[in-house]
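> Structure for this input, please:
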Amino acid sequence: MIACKNSGHAVEDEFPEVRKIVKAGATTKTVLDYELSRYACYLIVQNGDPVKRLLLWDKPISPFKRTVKR
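Predicted structure coming up:
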């Protein structure tokens, strides 16, 4: 988030906080999470450790492809 702030972008726009409901045993609870914009994903990849391999993407994603299969 520091890189986002240093680049002049609003952190709240690129990393919006969301609440998700998850099952916790027999009950449910809300947890804090973040939705990442495309720019936020770019910053994470650019500022990551170059020694570590990315597990999500083994190949470049086409700019025409809108969804990522998991």
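> helix, strand or coil for D33?
strand (DSSP: H, G, I helix; E, B strand; the rest coil).
> unless I'm mixing things up, it is touching K20, no?
Yes - using C-beta atoms under 8 Å, D33 is in contact with K20, at 5.1 Å. All C-beta spots, glycine's among them, are computed from the backbone N, C-alpha and C.
> Is V18 in a helix, a strand, or coil?
For V18, the assignment made with three-state DSSP gives strand.
> ok, how many other residues are close to it?
Neighbours of V18 under the rule other C-beta atoms under 10 Å: 10.
> That one contacts D33, correct?
Yes - applying C-beta under 8 Å, one finds V18 in contact with D33, separated by 5.3 Å.
> Do a quick rundown of the helices in this protein.
2-6, 11-14, 38-46 (DSSP state H).
> and these as TSV, adding distance to A24 and mean neighbour count?
What follows is the helices of the chain, written out as TSV (distance: least, C-beta to C-beta, whole Å; neighbours: other C-beta atoms under 10 Å):
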stretch	distance to A24	mean neighbour count
helix 2-6	31	13
helix 11-14	28	14
helix 38-46	27	14
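> Nearest to T27, out of these?
Closest approach to T27 among those is made by helix 11-14 (30.6 Å; C-beta to C-beta).
> got a list of what the residue nearest to N47 when sequence neighbours are not counted touches?
The shortest distance from N47 to any non-neighbouring residue, by C-beta to C-beta, 6 or more residues apart in numbering, is to A3 (5.4 Å). Residues near A3 by C-beta atoms under 8 Å, 6 or more residues apart in numbering: L43, Q46, N47.
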